[in-house]
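>>> Pasting a predicted model and its sequence here:
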Amino acid sequence: VGAYLVRRVGREAAEDLLGEVWVAALTSRKSYDRSFPDARPWLFGVAHNVLRRHWRSRPAEVLRANVTDTAWDPWGAVDERVDGEAVLRRALALLGAQQREILTLVAWEDLTVADAGRAIGIPPGTARRHLHEARMALRSAPGVAALLTGHNAMKEAN
């Protein structure tokens, strides 16, 4: 959950928000549906709601700057050799909020599509549609295909 928050708001803000997530989770733990054996989607849902409250309290200009700001983007730490940070950032910025959220929960947080949908409060079918739309949008985004082709070529070379 901490990494989920860092990827969205940066390390400093994530530390404060993580505390809010745990407080919110503890105060609302009675609302957890015990028929689900894994509490991770519920906990990511709590984190998602804390993020939404955080973002609503921020001016719109700050939010737009965060999408393109390299200070909060984890890709530089993942692999400095790939010069795709700007391409990926622009491509993710083109996605709708729910598309981006489902994609990142599935890709970065390793949730199933159904669990990612549950985390943000949408049905599994809607989550699958958003993931499909996000993938299609990313495939057609300028520069992403070349970036993926270059990444596959680097993997084959190793």
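Yep, that arrived.
>>> Figure out how far stretch 116-134 is from the centre of its chain.
When distances are taken as C-alpha atoms, centre = their mean, to the nearest Å, stretch 116-134 is centred 13 Å away from the chain's centroid.
>>> Need the residues that contact it.
Stretch 116-134 is contacted by residues 36, 41-42, 44-45, 48, 95-96, 98-103, 105-106, 109, 111, 113-114 when judged by C-beta atoms under 8 Å, 6 or more residues apart in numbering. In short, each C-beta sits where N, CA and C put it, glycine included.
>>> Just these: which are in strands?
Secondary structure from DSSP state E places none of the contacts of stretch 116-134 in strands.
>>> Mind checking which of those residues are buried?
41-42, 44-45, 48, 95, 98-103, 105-106, 109, 111, 113 (16 or more other C-beta atoms under 10 Å).
>>> Where does the prediction get shaky in the protein?
59-86, 145-158 (pLDDT under 70).
>>> got the CA positions of stretch 15-34 in CSV?
Written as CSV, here are the backbone C-alpha positions of stretch 15-34 (Å, rounded to 0.1, in the frame of the first residue of the first chain):
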residue,chain,number,x,y,z
GLU,A,15,4.1,8.8,4.3
ASP,A,16,1.4,11.0,5.6
LEU,A,17,-1.3,9.4,3.6
LEU,A,18,-0.2,5.9,4.7
GLY,A,19,-1.0,6.9,8.2
GLU,A,20,-4.4,8.1,7.2
VAL,A,21,-5.0,4.8,5.4
TRP,A,22,-4.2,2.7,8.5
VAL,A,23,-6.4,4.9,10.7
ALA,A,24,-9.3,4.7,8.2
ALA,A,25,-8.8,0.9,7.8
LEU,A,26,-8.8,0.4,11.6
THR,A,27,-11.9,2.6,12.1
SER,A,28,-13.8,0.9,9.3
ARG,A,29,-12.6,-2.7,9.8
LYS,A,30,-16.1,-3.8,10.7
SER,A,31,-17.2,-3.0,7.2
TYR,A,32,-14.9,-5.6,5.7
ASP,A,33,-16.8,-8.4,4.1
ARG,A,34,-15.3,-11.6,5.6
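>>> For it, buried residues please.
Leu17, Leu18, Glu20, Val21, Ala24, Ala25.
>>> swap in stretch 108-127?
Applying a neighbour-count criterion of 16+ other C-beta under 10 Å, one finds Glu109, Leu111, Val113, Asp115, Ala116, Gly117, Arg118, Ala119, Ile120, Ile122, Ala127 buried in stretch 108-127.
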